[in-house]
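Visitor: Next come a sequence and a model predicted from it.
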Amino acid sequence: MRPRPHDPKTEANSIPNEPFQSAPSTAANTSENLDKLNPPNVFAGIGELVEAFRTDPSLAPVLANLRAQLEAALSEHGSKQEGKITEQLVASASVHDRGSALSQELGERPTRGAITCLGSLPLPLRQGDFKAYVFESTQSHDHLIAVTKGDISSDEPLLVRVHSECITSETLCGCDCDCVEQLEGALSQIEEEGRGILFYLRQEGRGAGYSNKARDRMLVCASENELGTFDAYRGLGLPEDRRNYESLRDVAYLLDINAPLIVMTNNPDKLNGLRQLGFTVESRSKLTIPPNPHNAYYLKTKGENGHMLDKSDTMDQEEQGIQSAYPWEVKAFVPHSLDVATRYTHNASYPLPIRPLPGVLVLDPKQVGELYSIQSNLGVSLIQNMETLSYGKFHIQLDANLTNAKLEENAHGPLAKIIGANPHWFNTHVYRDSIAGLDYVTLEYNVAPLAAPIIRVHSENLLDRFPSSDTTDTSKYQRSIDTIVKNGRGLLLLYPEDGRGKGLSGTFLERMLVAKGAARNSSEASAILGTEDDRRDYAAIAKLVRHHYPHDNITLLFSSTDSIPKKQNLLACLLQEGVKNLNLSYLNKSRKG
């Protein structure tokens, strides 16, 4: 009888139990021998092994087992070889080492991924002496500032705050949120610890941008707080939080941060986000911010949406014995272009309560009587100066140090209530410039409609959002607001690009060149950088000023008389827009600014 053709599948299924039980030892021994082979030479032996196994059909399962092991070994070897090649290629490129930002020289630009470190500067703050590193993304062109103290590369647990910018509280001194208090509270904790880092991210409005955040505020105010901020975001079709923390990995590499983190936050999403990026979060440190009558509802809303806040953190106005209402009716509108310049989209308008200068109050006659009564009950002389304003109110200067001492003694007493209930209310308008891709903010004050408006064009430096120990320059904004309030009518326009329109990169690099002795002043530093000393779009500014005051004669408020030669372009653009009577006023008479 003719023998049947060889069929491994059939034979494998008909192998008797006894031969099959001896196979594991054979496979194990063969596997041991194979492990000693150099993987690239394995191919030479495969044919011989297969031919040997075919002569003994009972070893078919062993052949299948060996084939699987060989394929796995070859795959692993290929991956290792590919990894070695990749490492060699990367090593041959100019890649910066871990921690290279800590020893960065003036001309160097340590880079990891899409993140480049522009350099560092000392940052003297009210809390103590810190250091600021500025990073720039080559992908999104956004910036990140790392404010550090002490040895951040140590393996000991590191105190960390991941903070998103807030123009309204940190630049405009608004008191309808708790952002600036969290910023300053975190810096105080780091100073007390003697070691730590604060990451400052350009992610306004939980990553939605200031225009969208302003639309949220307009809706909340128009609803008289029937809507919360998260409700407004959902109604606008925006995610509640679109912040991204991925850049922190590359920043941590450049700053050689390896330690487990103690994160200062009340937001559990930040803890989860850091863990997902591979950071070790050892614990959370709570930031306790006492509410005020203008942010109490906002804090209550945050507590209802997952933030880890205690009852004392979310106390509402009634529980504080303070009633806070918006000073005028707010009507929401859909975004629309401006007739004066269609490049602008008017996105939002809403009332913003602004903190006055330290010790300053603007009160009506009845409130002045209440203040005198409070002063009498305290048995101290708080009032240093009182000025009658043209619109029937009084501008009062209190003894700031004595006032702060009394507030520390009783944070919810009559003095605290009269101060907390009387911020400066400005109408905040937000315009999107579709050509430049920038958000312009104007603050309008209008309690004396017949007064000639005072106009201040204000440019900030992002590093000045941190509480500087020297308030000579940082107080210009609040002094400008105070001047407009005294006048009863006016406008402060916040130019959206840092430091005369050069952006944070330009302003920071200028400061660094001067600090390291490579330039004597900002003008000389601008020349070294190859940029103009002033890049602000004064034609665009003039259009917005004319939009607010189409027929008025205006008074421009400058820092000092030394500003006039630098502002000739602004004056020319305003005259071109039809301003016939242009007056000038100054914050300082003799110093540059």
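Guide: Perfect, thanks for sending it. These numbers come from a predicted model, not from an experiment.
Visitor: what's the burial count for Pro467?
Guide: Burial of Pro467 is recorded as 16 neighbouring residues (other Cβ atoms under 10 Å). For every residue, glycine as well, the C-beta is placed using N, CA and C.
Visitor: whoops, Leu371 was the one
Guide: Neighbour tally, Leu371, other Cβ under 10 Å: 23.
Visitor: all strands for the stretch 201-350 of the chain, in order.
Guide: 261-264, 281-285, 336-337, 344-354 (DSSP state E, counting those that start in this stretch).
Visitor: any chance of those in TSV, plus distance to Asn292?
Guide: Formatted as TSV, those follow (distance: least, Cβ to Cβ, whole Å):
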stretch	distance to Asn292
strand 261-264	21
strand 281-285	22
strand 336-337	34
strand 344-354	9
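Visitor: Out of those, flag the one nearest Ser140.
Guide: strand 344-354 (21.4 Å; Cβ to Cβ).
Visitor: Mind checking the pLDDT average for the closest one?
Guide: The pLDDT scores in strand 344-354 average 97.
Visitor: Mind listing residues that contact the helix or strand just after that strand?
Guide: Moving toward the C-terminus from strand 344-354, the next helix or strand (DSSP states H and E) is strand 360-363. With Cβ atoms under 8 Å, 6 or more residues apart in numbering as the test, strand 360-363 has contacts from 356, 371, 389, 393-398, 418-419, 422, 424, 482, 485.
Visitor: circling back: now render the strands of the stretch 201-350 of the chain as JSON lines, adding distance to Asn65 and mean neighbour count.
Guide: Shown next, in JSON lines, are the strands of the stretch 201-350 of the chain (distance: least, Cβ to Cβ, whole Å; neighbours: other Cβ atoms under 10 Å):
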{"stretch": "strand 261-264", "distance to Asn65": "47", "mean neighbour count": "21"}
{"stretch": "strand 281-285", "distance to Asn65": "45", "mean neighbour count": "15"}
{"stretch": "strand 336-337", "distance to Asn65": "73", "mean neighbour count": "12"}
{"stretch": "strand 344-354", "distance to Asn65": "68", "mean neighbour count": "21"}
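Visitor: Can you mark which positions in stretch 180-189 are buried?
Guide: 180-189 (16 or more other Cβ atoms under 10 Å).
Visitor: low pLDDT regions in this structure?
Guide: 1-64, 66-67, 70-71, 73-94, 303-324, 589-593 (pLDDT under 70).
Visitor: picking up where we left off before, now intersect the contacts of strand 360-363 with the strands, please.
Guide: Those of the contacts of strand 360-363 mapping onto strands are 394-398, 424, per DSSP state E.
Visitor: Out of those residues, name the two that are farthest from one another.
Guide: Farthest pair in those (Cβ to Cβ) is Leu398 and His424. Separation: 15.3 Å.
Visitor: circling back: and the strands of the stretch 201-350 of the chain: which comes nearest Tyr245?
Guide: Closest among the strands of the stretch 201-350 of the chain, using Cβ to Cβ: strand 261-264, at 11.3 Å.
Visitor: What pairs with that closest one, parallel or antiparallel?
Guide: Partners of strand 261-264 in the sheet, by DSSP bridges, are strand 158-164 (parallel), strand 281-285 (parallel).
Visitor: Let me have those strands in JSON lines, extended by distance to Lys502.
Guide: Shown next, in JSON lines, are those (distance: least, Cβ to Cβ, whole Å):
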{"stretch": "strand 158-164", "distance to Lys502": "23"}
{"stretch": "strand 281-285", "distance to Lys502": "36"}
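Visitor: And the ones you listed: which comes nearest Pro496?
Guide: Comparison of the strands paired with strand 261-264 against Pro496 by Cβ to Cβ identifies strand 158-164 as nearest, at 17.4 Å.
Visitor: From the rest of the structure, what touches that closest one?
Guide: Contacts for strand 158-164 (Cβ under 8 Å, 6+ apart): 152, 179, 182-183, 186, 189-190, 193, 195-201, 203-204, 206-207, 243, 245, 248, 257, 259-265, 270, 274, 285.
Visitor: Among these, which are located in helices?
Guide: Counted as lying in helices by DSSP state H, out of the contacts of strand 158-164, are 179, 182-183, 186, 189-190, 193, 248, 270, 274.
Visitor: Farthest-apart pair in those, please.
Guide: Longest distance between any two of these is 21.4 Å, between Cys179 and Glu193; criterion Cβ to Cβ.
Visitor: Which secondary structure element is home to Ser376?
Guide: Applying DSSP H and E, one finds Ser376 within helix 365-378.
Visitor: Please report how far Val330 lies from Ser164.
Guide: 25 Å (Cβ to Cβ, to the nearest Å).
Visitor: Oops, could you answer that again for Leu582 instead?
Guide: Leu582 is 39 Å from Ser164, by Cβ to Cβ.
Visitor: what does Pro467 give?
Guide: Counting by Cβ to Cβ, the gap from Pro467 to Ser164 is 17 Å.
Visitor: And Leu582 and Ser164? Which one has more around it.
Guide: Taking other Cβ under 10 Å, Leu582 and Ser164 do not tie; Ser164 has more neighbours (20 against 13).
Visitor: bridging residues for that one?
Guide: Leu201.
Visitor: you'd agree Asp507 is in a helix?
Guide: Rather than Asp, residue 507 is Thr. Yes: using DSSP: H, G, I helix; E, B strand; the rest coil, the assignment for Thr507 is a helix.
Visitor: Can you give the distance of stretch 406-423 from its chain's centre?
Guide: 30 Å (Cα atoms, centre = their mean, to the nearest Å).
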